[in-house]
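>>> Give me a 3D structure for the following:
(4 chains)
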Amino acid sequence: MTRPEMADETLFLLLHNEMVSGLYRAAEHGEGENGRCITKLENMGFRVGQGLIERFTKDTARFKDELDIMKFICKDFWTTVFKKQIDNLRTNHQGIYVLQDNKFRLLTQMSTGKQYLEYAPKYLAFTCGLVRGGLSNLGIKSIVTAEVSAMPACKFQVMIQKM
Amino acid sequence: MAVCIAVIAKENYPLYIRSIPTENELKFHYTVHTSLDVVDEKISAMGKALVDQRELYLGLLYPTEDYKVYGYVTNSKVKFVMVVDSSNTALRDNEIRSMFRKLHNSYTDVMCNPFYNPGDCIHSRAFDNMVTSMMMQVC
Amino acid sequence: MSRQAGRGTESKKMSSELFTLTYGALVTQLCKDYENDEDVNKQLDKMGYNIGVRLIEDFLARSNVGRCHDFRETADVIAKVAFKMYLGITPSITNWSPAGDEFSLILENNPLVDFVELPDNHSSLIYSNLLCGVLRGALEMVRLHFSPRKGGGVVEVLAGNENLEPSADISTHPLVQVCGLHDFSCCESMSRAK
Amino acid sequence: MSVPDYMQCAEDHQTLLVVVQPVGIVPEENFFRIYKRISTVSQINVRDSQRVLYIRYRHHYPPENNEWGDFQTHRKVVGLIIITDCSSAKDWPQTFEKFHLQKEIYGPTLYDSRLFVFGLQGEVAEQPRTDVAFYPSYDECETVEKRIEDFIESLFIVLESKRLDRATDKSGDKIPLLCVPFEKKDFVGLDTDSRHYKKRCQGRMRKHVGDLCLQAGMLQDSLVHYHMAVELLRSVNDFLWLGAALEGLCSASVIYHYPGGTGGKAGARRAQGSSLPAEAGNRHRPGALTSNGINADTSAEIGRAKNCLGPEDIIDKYKEAISYYSKYKNAGVIELEACVKAVRVLAIQKKSMEASEFLQNAVYINLRQLSEEEKIQRYSILSELYERIGFHRKSAFFKRVAAMQCVAPSISEPGWRACYKLLLETLPGYSLSLDPKDFSKGTHKGWAAVQMRLLHELVYASRRMGNPALSVRHLSFLLQTMLDFLSDQEKKDVTQSLENYTSKCPGTMEFITLPEGLRLPPVPFTKLPIVRSVKLLNLPISLRPQKMKSLLGQNMSAKSPFIYSPIIAHNRGEERSKKIDFQWVQGDVCEVQLMVYNPMPFELRVENMGLLTTGVEFESLPAALSLPAESGLYPVTLVGVPQNTGQITINGYHTSVFGVFSDCILDNLPGLKTNGCAVEVIPALPRLQISTSLPRSAHTLQPSSGDEISTSVSVQLYNGETQQLVIKLENIGTEPLEKLEVTAKTVNSKEKLYGEFLSWKLEDTLSQFPLKPGKIATFNVNIKVKLDFSCQENLLQDLSDDGISISGLPLSSPFRQIVKPRVDSKPINPTESGKVGDFSHVKTLEAILNFKYSGGPGHADGYYRNLSLGLHVEVEPSVFFTHVSTLPATSTRQCHLLLDVFNSTEHELTVSAKNNEDLVLHAGECQRMAIQVDKFNFESFPDSPGERIQFANPKQLEEERQQAKGLEINSKLDFSLTLIYPSLKREGEASVEGVLNQLVLEHLQLAPLQWGDSQLRKVVLNSCILDCQFISTEYENLLQRNQNKPAVHLPHAGLLYLEKTEN
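Numbering: from 1, shown residues only, chains lettered A, B, ... in the order given. As a prediction, this is how the structure comes out:
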């Protein structure tokens, strides 16, 4: 079926925000304790990541190795999702990768600087899941965490779980 | 054209397998199962190969007396195996390749169905129809 | 003004899959959290509403549409500008009520339901109910822009066909129906994959 | 030739084939002892040269293979060693004869032969012979090895001479044409002078020389010869031999590249019994082992680059050779063996894909009709080779085929054991283990369809082996691990056959050890039924042990004094997670509730399902249940009796389903919900059972403050009536009942209750203690119901409707006047009460009698039990005081209390007050009676809001005060009416405290010292129903008391204004 490949980003951003606040709203009403909200967001991201990677890698050549995959995440994946590349990828070659995005899309609507730092986690959980899901579907088990020192810059740390 | 089409999970268990005629389905189970040896071998070989050789289509896995077994591996390490009647000479490699592409697209949609849990058996009607179409059109 | 708006929309295009999949994940998560579909529908509508009230700001800012003079104009804006801008599709407007205070929007292919195959145990789930919420929220906000009599209206979603194959009847089901009544209610029926 | 040697590998081309055979009667073990020793001599460094000779020993060799000896010399038997027993000299000649006969078989190809004679002594043995060796016995033959070495020396000499003789082709004399058996006929009458023919001869000879060089340890020379042969043969399209030449080239190159050999360990395993470890040994080139990789062959150093094929070429040449072989169907074996050799090489080169292609090809080479034995051998070797190249699934597949072959219908006596053994070997190939634990965690992974098939085959094979226990174990495993993949029909079938097997041999929890040493773990049916949650249940409330306060205190003090000690915190954490906060009691039945469901499409019968426990001796009382098909969650209660005390842990449950006994350990159940599995068992306590004289009550009183009523009894009493309740206390436990405390509390009574509701004397009961098990004690409780006797509004109505004015009565000694109320309308008043036929004003009182008892060891540990008896009393109205008033008596210190007494019962009753004669009231009759009472002082007004603080609103407070007053008065007046129901032989008493209104009270008390307006006004307002005369007199009193009162204002009986008279 022919369908326009493009949607408007605003809608996604609003949806994402609403997902976050919606979940927390529900948690306050006792539906599911607060702590699990992050997990839920992460899980949603995970599932989306799985689906996206399946689509995005549909026509790419097979990956050579782990690093090859990480590069794909930083370039193609990130660009399709957040319309920019990861600004900096670092690794210790022992299965830890640090992806830095100096202007992370999901934080840009929040006022820059430090004042809203404590809210940051819930706006990053989904993306952590996104990365973890993508990697896991490419056969890489990992733990993905995020840290923000000053909005809207953001670091994602990927720890590969060797099996 | 295809007599058996199977989707095999990362962990090498079948997510979907369909064959015609259905009565000796088990036979195809064995055919596909053993073909995984070749798939694994090809993938591991693939790793070393150059980028341009790293395509998802694995080509002919092995021929048996009456069948040809072809393979395809997605980047998510999900395998598609297609068994074709070797009498069917009409099938060119390119046609097989494009059939796999179709299969892959359809599978991708399955993966994107929010109600499908990755790793579960595939019950999608859409996918089923796609497979049927591939098995029906006789050359 | 228009130039700027144009650029605005250009730069804001993104892969629709992300949106579609994210929405899917949300719906399934809600299905896990709430036992019955009705609650999920409610939740979706609620979230949609919250999105709508914010979305309208963005909409008015970017699409420099002026004040609508009558309800038909509103309908056109919703279909031709809003849907185009945000979902990249243009629903067709039909079923105008004689009073001209009610019409239907038909989404030929609703990007939300790409890939979706509803399991049988969710018969009463209105998958795209978020859209109703969004319209509801948005329209409620812009009442001020309309003359009170015409503003707002009931958003009613009818059988949006979730069937994945392109099929003839998909377009025969109005998805969104807007009319001038002042209560907000939703309902949707889907042809289930059997 | 037709018998392929699947074990052959490239390096075998360099070996000399020596056959070792027994003649006459030679005990097998003796033969093989010698054979082993001989085989150890597998390579010889030839004297004064660095060449090495390799020997391949066989004890069987089909002569027809020997005929291919010219084609590939390593197929030629060049040496024969005969081993024989010969005890006496006279047997010697024919023994020697046998030796010669044996030689005939391989005669044409033999270079040399030896005879080893065992057991012969004497002069025959003395004569020195080169070809015969005599040994007194198999134990005294030290020189065997030496002999063999000599023998090989001699073989070498022959070989060398042949090589030299053939290598140097003297030009002129014609070279014989070597050919393979099936060629012979083709060449008859062929022009032997044609160049073509000559070339062919040369080519074949070169190839042959190449073989000889290779055998003679001259690798490089052999390469040269092979190359030349290839040239020659190619030019004449002599494909079969070209193939051979190419293969020779490959063999030589392989030997050069892979000194370690290509046979690998697998070479040791040989399908035919002939194989022996020694052969693995003779695959090794000492050049490689001894002088670390430097080839012993000097010619190697010279131009190793040229002639020798590179690894890739080897494979190409093999391919080519095989393609040529394949042209000749008679060369099938050669082709097959070539494939196998190539595969072994590729396996070493780690080229699995090509290897698989060669194997694929080998699979389709069909030789002449193979025997079943050969087929099996062929499939298992294919399997082995696939395994070698890492194609585990393919390997498993062929092994399985081999297994099936063992029991092919064509075979006379099927080898089920062999079949079973082979099937077991396929398990890893199908990523299947026979340990259910590998499946219990998480979901099943693997190729279910093929796994199931394999399990079915294992079941069948083990059954045919006549090992039912084994088939039961496999079938159980199938059912347990593949449940999700079985169709409903399959589920039925599997369980059906399982039941058949178990009928002969029930499934157990023991390990089954197979002869192969494999141990099959037990398979508990944790999915039949599936257990979702396990919940330890508390004892029923009446049996729950309670800790006595004092001892509870001790418990606390027992805890560590360091409140914040992390250890304690830790312990607490553990307790919370594991231990449960209630206790079980030794000797009492304890319950554990499981929520289970049946995944089967049919009814599931679970026999003797019971608990598995540790910590406390526990008598489990197994249950049998049958769950409907695909049942939803189903509660099952497993019970048992702890036999001693301590902490008991429920680790699981045992079942018997389809004749299979399972011990299901909770820890192994995924997704199981539990409230903890460890609970404390406290010492035994007595058990009290109570029965009463009263009927059990239908009413269940709602337990206030959580205490549950085990039994409740009910009784109907008339207001004011008293009755005795006799309670039988029986000790139905096993421990003496030593202690008993009884308490009562009235629940949800809206009614104002006068007097003590329940009263008893515990002493009488306690005197019967301690109560031995089975003994009964009695306990009496007096029930006394005394509610308000004041009349109800509607009754008042009735009276006033009658228009009976009681005013204006003559002041005289007490008298009665009969009033005739409307009996009909009064009693039943539908609007008043819900229950039809019930008396309109029936009130209920409910109380709970609480028996706190203990005894036995439990008591010693400070535990007691609580049993409570609910008491439901329906109080029917007896008499009402429809109206109360007073009349002054002759003395001001006394007065008459006028009571309109109304009998609301259906029975006649007698009312008797002190020093009054009885008054008989018929049902529904109302009469007035006057009783003379002493007035009293009211100085001590009982009104202490302090204790009634809880009464929020003043109205309630007021009521309370009234009531208190009433009591006070009652005591002051010391006045009560006895009610006797002659017809019912019941009696009670009525009192007035509730009914005395303010005015009456005024009158009952002695005139106070000072009289204030307020009080006056009260009098005035209340005295509405007093007659004028009384008022006047009253007024006079007033005047006497305080002069300056202008007027008394009488609202009711006609106002009269009294002016203050001046006089």
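>>> In which helix or strand does residue D:101 reside?
Following DSSP states H and E, one finds residue D:101 within helix D:92-106.
>>> Helix D:92-106 and the following helix or strand past that helix, what's the angle between them?
The C-terminal neighbour of helix D:92-106 among helices and strands, as given by DSSP H and E, is strand D:112-118. Per axes from the mean of the first three to the mean of the last three CA atoms, to 10 degrees, the angle that strand D:112-118 makes with helix D:92-106 is 150 degrees.
>>> Which strands border strand D:112-118, and is each parallel or antiparallel?
Next to strand D:112-118 in the sheet, as set by DSSP bridges, lie strand D:77-85 (parallel), strand D:132-135 (parallel).
>>> Report the rounded mean pLDDT for whatever helix or strand comes next after the shortest one.
Moving toward the C-terminus from strand D:132-135, the next helix or strand (DSSP H and E) is helix D:144-167. Here the mean pLDDT over helix D:144-167 is 87, rounded to a whole number.
>>> OK, contacts around residue D:131?
D:112-115 (CB atoms under 8 Å, 6 or more residues apart in numbering or on different chains). C-beta here means a position set from N, CA and C on the backbone, and glycine is covered the same way.
>>> Quick one: neighbours of the closest residue to residue C:34 other than its chain neighbours, just the number.
In space, and not counting its chain neighbours, residue C:34 is closest to residue C:40: 5.1 Å by CB to CB, 6 or more residues apart in numbering or on different chains. Residue C:40: 25 surrounding residues under other CB atoms under 10 Å in any protein chain shown.
>>> Residue C:40 belongs to a helix?
Yes: if the criterion is DSSP: H, G, I helix; E, B strand; the rest coil, then residue C:40 is within a helix.
>>> What residues does it make contact with?
Counting by CB under 8 Å, 6+ apart, residue C:40 touches C:27, C:30-31, C:34, C:125.
>>> So which bits of chain B are right by chain C?
Within chain B, the positions adjacent to chain C are B:109-110, B:112-116, B:124-126, B:129 by CB under 8 Å from any CB of the partner chain.
>>> Identify those among these that sit within strands.
In strands, defined here by DSSP state E, there are no members of the residues of chain B next to chain C.
>>> Now cross-check the residues you listed against chain D and list the overlap.
Counting by CB under 8 Å from any CB, no member of the residues of chain B next to chain C is near chain D.
>>> Hmm, residue C:29 is touching residue A:45, no?
No: between residue C:29 and residue A:45 there is no contact under CB atoms under 8 Å: 10.7 Å.
>>> Neighbour count: those two, which is higher?
residue A:45 (27 against 20).
>>> coming back round to it: tabulate the residues of chain B next to chain C in CSV, adding columns for neighbour count.
Converted to CSV, these look like this (neighbours: other CB atoms under 10 Å in any protein chain shown):
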residue, neighbour count
B:109, 21
B:110, 24
B:112, 22
B:113, 23
B:114, 25
B:115, 18
B:116, 24
B:124, 22
B:125, 13
B:126, 18
B:129, 13
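>>> May I ask which helix or strand encompasses the closest residue to residue D:206 other than its chain neighbours?
Spatial nearest neighbour of residue D:206, chain neighbours left out: residue D:229 (3.8 Å); criterion: CB to CB, 6+ apart. Counting by DSSP H and E, the element that carries residue D:229 is helix D:219-235.
>>> go on, residue D:206?
Residue D:206 belongs to helix D:195-215, assigned by DSSP H and E.
>>> For the closest residue in space to residue D:372 that isn't next to it in sequence, the count of nearby residues, please.
Ranked by CB to CB, 6+ apart and with sequence neighbours excluded, the top spatial neighbour of residue D:372 is residue D:411, at 5.2 Å. Using other CB under 10 Å, residue D:411 is surrounded by 14 other residues.
>>> Helices of the stretch 351-500 of chain D, residue ranges please.
For the stretch 351-500 of chain D, the helices defined by DSSP state H, counting those that start in this stretch cover D:352-364, D:372-388, D:392-406, D:416-426, D:437-440, D:448-464, D:468-482, D:488-504.
>>> Would you list the phi and psi of residue D:119?
Backbone dihedrals for residue D:119, given as degrees, to the nearest 10, come out at phi 100, psi -10.
>>> repeat for residue D:139
phi -90, psi -20.
>>> what about it, how many neighbours?
10.
>>> and what of residue D:344?
Counted with other CB under 10 Å, the neighbours of residue D:344 add up to 28.
>>> same thing with residue C:96?
The number of residues packed near residue C:96 is 15, by other CB under 10 Å.
>>> Mind pulling up the pLDDT for the nearest residue to residue D:856 once chain neighbours are set aside?
Take residue D:856 and drop its neighbours on the chain: the residue closest to it by CB to CB, 6+ apart is residue D:735, 2.8 Å away. Predicted confidence (pLDDT) for residue D:735: 86.
>>> go on, the one 4 residues further on?
At residue D:739 the predicted local distance difference test score is 84.
>>> Please, which helix or strand holds residue D:35?
Going by DSSP H and E, residue D:35 is in helix D:28-40.
>>> the inter-axis angle of that helix versus strand D:112-118?
140 degrees.
>>> Residue D:726 - nearest residue in space that isn't next to it in sequence?
residue D:693 (4.1 Å).
>>> Kindly report the same for residue D:35.
In this structure, residue D:35 finds its nearest non-sequential neighbour in residue D:20, 5.4 Å apart by CB to CB, 6+ apart.
>>> Verify the assumption that that neighbour is located in a helix.
No: Residue D:20 sits outside any helix when classified using three-state DSSP, being strand.
>>> Test my guess that it contacts residue D:37.
No: Residue D:20 lies out of contact with residue D:37 (CB under 8 Å); the separation is 10.4 Å.
>>> what's the longest helix in chain B?
Assignment by DSSP state H gives helix B:25-48 as the longest helix of chain B.
>>> Residues contacting the helix or strand just after that helix, please?
Next along the chain after helix B:25-48, taking DSSP H and E as the criterion, comes strand B:57-63. With contact meaning CB under 8 Å, 6+ apart, strand B:57-63 is reached by B:35, B:38-39, B:42-43, B:46, B:68-73, B:81, B:86, B:93, B:96-97, B:100, D:356, D:360.
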